[in-house]
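> my questions concern the predicted model and sequence given below.
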Amino acid sequence: MSPNRIQYPSFFSPETGIYASKHSPRDLPQNPFQDLVSFLFSHGHQGATALVDSVSGLSISYPKLRDMVESMASGLDHIGISSGHVVLILLPNTILFPVIILGIMSVGAIFTPMNPLCKLGEIKKQMSISNAELVFTFAENVRKFDGLGVRIVTVPERLDFDATKFSSFIHLLSRDPKQAPKPLIRQTDAAAVLFSSGTSGPSKGVVITHANLIAMVELFSRFEASQYNTESWKNVYLAAVPMFHVYGLSLFTMGLLSLGSTVVVMRRFDTKEAIRVIDRYKVSHFPAVPPMLAALVMGVRDSSGCNLRSLRQVSCGAAPISENLIQDFLEAFPHVDFIQGYGMTESTAVGARGFNTAGHKKYTSVGLLAPNMEAKIVDLKTGSGLPPGCRGELWLRGPGIMQGYLNDEDATSSTVVEDGWLMTGDIAYFDQDGYLYVLDRLKDTIKYKGFQIAPADLEALLICHPEILDVAVASAEDEEAGEIPVAYVVRRSGGMLSSSEVIEYVAKQVAPYKKVRKVVFVNSIPRSAAGKVLRRLLRNNHGASKM
């Protein structure tokens, strides 16, 4: 070998610029007619309790879960929901969430989840794009669908519900599970439409297939269980991350149920309640987002004698986390294995996962590439693949990559390029040990407490205000939320529009997490020759990059 020749690690090919996973590949089913639900229930395990309501303690056993899913499928079939139909789910976390989505997929239908705090305009948009014809929601949200001409199934908030008040739900769930249909479902068939803003522009429907979800179960959830020398069915997970988000959806409604693990479901995160639940149910694993982690650290500091000894692993994802918060967490919980992960809606949550060993404890890394996944770090100027230690745009390829954006070939072709590579829009690098570090984003998407906000969606609302001549929305760093939306507004001549009026105008039309948090009045919006808003220039010129 030439003395000047660079020796690259075995997981990187300098000829192709491709990084391979350091983990052994997983066998995925080759049967083209394998669907997610039958695949999920085909896994043998000794799990007893599948889902537990954190407040009431009421639970669903694994045998009961399968019966409920098959009854739901039978009920949906009875009311005419079948292959290709789309069902909207507007629900917070509930132990009935997995029953509903697994029932929907069992009949070959497609589910599209949504934040229950979304407002009417947002609901209309998602229903229009997805063409949903049935809705599952809590009673408190039924009025949001007035006049939309869609069938609604009102879901009880607790298992011990009054049957007379939820006749439509009872009608579905009381059907004979043996009468559940057995449609022919291909792996390539759509199973879900999840909404994401992608790398830019308004939110779009991400089409996820049964094959994508099967890969997620094998490459994300089942791989996670292999990190420790314990039986996965003995693990207890706290489900505080929303199930309508790809992070919570992939874990709590599908992946962990293939392992026999117990999922303790919180409707919404509350620090004191989370501490109580972790202690009461001996939670061993807590998937979280950075604000939850910060709240947990502060909560334990305020609770003398509370060390949550049952916790074995806390994983963090969906948004960047500061090194200071990581250090605070490690000091508060020295007995807990802290890891980060990386995935996207467009990759069905599959990407990279933290993997601490005796030799490597890289807490600021999002981990090693998942099994069966490949990556590139692409030079932004030359388009060539870069070796370890070099920064560029992260591209991913593997069985979790979406089918495409619903009815949007242009957005699909600009995101999933030749040979199936997904351009993530994230700036990253790999180190010499194969650990991935995500540094920044090229894309416009704002990450508020782990939730995606598309600036274009807010801009489309704001430009309709009669006193706004022009507008742009960009992110600003925030210690608690990660990022917040900031509106840069050009007022019409002579206008007296105030910041509070702008904030209130948006708040009335969007879910609370999407609200504009700060308004900066400017004389003009900088744009490129092609008309693209130069958001970074806005932030730099007007001092709102940090809050």
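Alright, I've got the coordinates. On a predicted model such as this, the values are computed, not experimentally measured, just so you know.

> use CA for all of it now, contacts and neighbours both
Fine.

> just give me the residue right at the centre of this protein.
Ranked by distance to the mean C-alpha position of the chain (CA atoms, centre = their mean), the top residue is Val246 at 2.6 Å.

> pLDDT score for it?
You'll see Val246 listed with a pLDDT of 93.

> nearest residue to it in space, please, no chain neighbours.
Using CA to CA, 6 or more residues apart in numbering and skipping residues adjacent in sequence, the residue nearest Val246 is Thr345, 5.8 Å away.

> was I right to think the one you found contacts Val206?
Yes. Using CA atoms under 8 Å, Thr345 makes contact with Val206 at a distance of 7.3 Å.

> what is in contact with these two at once?
Shared contacts of Thr345 and Val206 (CA atoms under 8 Å, 6 or more residues apart in numbering): 194-196.

> using pLDDT, spot the least trustworthy of those.
When the shared contacts of Thr345 and Val206 are sorted by pLDDT, the bottom entry is Ser196 at 83.

> on that earlier part again, ok, the residue nearest to the centre of the chain touching Glu346?
No. Val246 is not in contact with Glu346 according to CA under 8 Å; the separation is 9.4 Å.

> helices of the stretch 201-350 of the chain, start to end?
210-216, 222-225, 246-252, 271-281, 290-302, 323-332 (DSSP state H, counting those that start in this stretch).

> now do the stretch 351-500 of the chain
Using DSSP H, counting those that start in this stretch, helices in the stretch 351-500 of the chain cover 409-415, 455-462, 499-507.

> what's the most buried one of these?
helix 455-462 (a mean of 19; mean count of other CA atoms under 10 Å).

> just checking the distance from it to the centre of its chain.
22 Å (CA atoms, centre = their mean, to the nearest Å).

> next: stretch 185-195.
The chain centroid and the centroid of stretch 185-195 are separated by 16 Å under CA atoms, centre = their mean.

> so what's the residue count around the residue nearest to Val246?
Applying other CA atoms under 10 Å, we find 25 residues neighbouring Thr345.

> what's the answer for Lys272, then?
Neighbour number of Lys272 under other CA under 10 Å is 14.

> okay if I get the shared contacts of Thr345 and Val206 as CSV plus secondary structure?
Output for the shared contacts of Thr345 and Val206, formatted as CSV (DSSP: H, G, I helix; E, B strand; the rest coil):
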residue, secondary structure
Leu194, strand
Phe195, strand
Ser196, strand
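
> let's have the residues you listed in CSV, adding distance to Gln34 and neighbour count.
Formatted as CSV, those follow (distance: CA to CA, whole Å; neighbours: other CA atoms under 10 Å):
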residue, distance to Gln34, neighbour count
Leu194, 21, 25
Phe195, 25, 25
Ser196, 26, 24
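
> need the residues you listed in JSON lines (columns: distance to Phe41).
Putting the shared contacts of Thr345 and Val206 into JSON lines (distance: CA to CA, whole Å) gives the following:
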{"residue": "Leu194", "distance to Phe41": "23"}
{"residue": "Phe195", "distance to Phe41": "27"}
{"residue": "Ser196", "distance to Phe41": "29"}
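
> closest to Arg186 among those?
The closest of these to Arg186 turns out to be Leu194 (CA to CA; 19.2 Å).

> just checking, the closest one touches Val207?
Yes. The criterion here is CA under 8 Å, and Leu194 meets it with Val207 at 6.7 Å.

> got any residues that touch both of those two?
Joint contacts of Leu194 and Val207 (CA under 8 Å, 6+ apart) do not exist.

> can you pull the contacts of the nearest residue in space to Phe430 that is not next to it in sequence?
Closest residue to Phe430 apart from its sequence neighbours, by CA to CA, 6+ apart: Leu436 at 4.5 Å. The contact partners of Leu436, by CA under 8 Å, 6+ apart, come to 352, 365-369, 428-430.

> do that again at 7 Å, thanks
Contacts for Leu436 were tallied using CA atoms under 7 Å, 6 or more residues apart in numbering; they are 365-368, 429-430.

> what segments of the stretch 151-300 of the chain are strands?
151-154, 190-196, 204-209, 236-239, 262-265, 285-288 (DSSP state E, counting those that start in this stretch).

> and the angle for the longest one with strand 204-209?
So that's strand 190-196. 150 degrees (axes from the mean of the first three to the mean of the last three CA atoms, to 10 degrees).

> so which strand or helix has Thr94?
For Thr94, there is no enclosing helix or strand under DSSP states H and E.

> so who does it touch?
With CA under 7 Å, 6+ apart, Thr94 has these contacts: 265, 267.

> hmm, try it at 10 Å
Thr94 is in contact with 51-54, 155-159, 239, 242-243, 264-268, counting by CA atoms under 10 Å, 6 or more residues apart in numbering.

> and Phe169, by the same measure?
Contacts for Phe169 were tallied using CA under 10 Å, 6+ apart; they are 72, 75, 136, 152-156, 163.

> which of the shared contacts of Thr345 and Val206 sits closest to Ser250?
Looking across these and measuring by CA to CA, the closest to Ser250 is Leu194, at 11.6 Å.

> do I have it right that the closest one meets Met243?
No. The pair Leu194 / Met243 is not scored as a contact, 11.6 Å apart, by CA atoms under 10 Å.

> what angle do the helix or strand harbouring Ile89 and strand 190-196 make?
Following DSSP H and E, the helix or strand that holds Ile89 is strand 86-90. Here strand 86-90 points in a direction 50 degrees away from that of strand 190-196 (the same axes, to 10 degrees).

> then strand 86-90 to PDB, C-alphas only?
Output of strand 86-90 as PDB, limited to C-alpha atoms (Å, rounded to 0.1, in the frame of the first residue of the first chain):
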ATOM      1  CA  VAL A  86     -58.600   7.000   4.200                       C
ATOM      2  CA  VAL A  87     -59.400   7.400   7.900                       C
ATOM      3  CA  LEU A  88     -58.400  10.600   9.900                       C
ATOM      4  CA  ILE A  89     -57.400  10.100  13.500                       C
ATOM      5  CA  LEU A  90     -57.700  13.300  15.600                       C
END
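
> for the helix or strand just after that strand, give the mean pLDDT please.
Note on strand 86-90: by DSSP H and E, the next helix or strand toward the C-terminus is helix 97-106. In this model, helix 97-106 has an average pLDDT of 98.

> nearest residue to Pro512 other than its sequence neighbours?
Closest to Pro512 by CA to CA, 6+ apart is Leu117, at 6.9 Å.

> who touches stretch 9-28?
Residues contacting stretch 9-28 (CA under 10 Å, 6+ apart): 6-8, 211, 214-215, 218-219, 223, 352, 368-378, 384-388, 395-397, 399, 430-435.

> rerun that using 8 Å as the cut-off
By CA under 8 Å, 6+ apart, stretch 9-28 touches 8, 214-215, 218-219, 368-377, 384-388, 432-434.

> so Phe451 makes contact with Ala511?
No. Counting by CA under 8 Å, Ala511 is not a contact partner of Phe451; they are 10.9 Å apart.

> which non-adjacent residue is nearest Leu325?
Ala294 (6.7 Å).

> where does the stretch 351-500 of the chain have low pLDDT?
Judged against pLDDT under 70, the stretch 351-500 of the chain has no low-scoring part.
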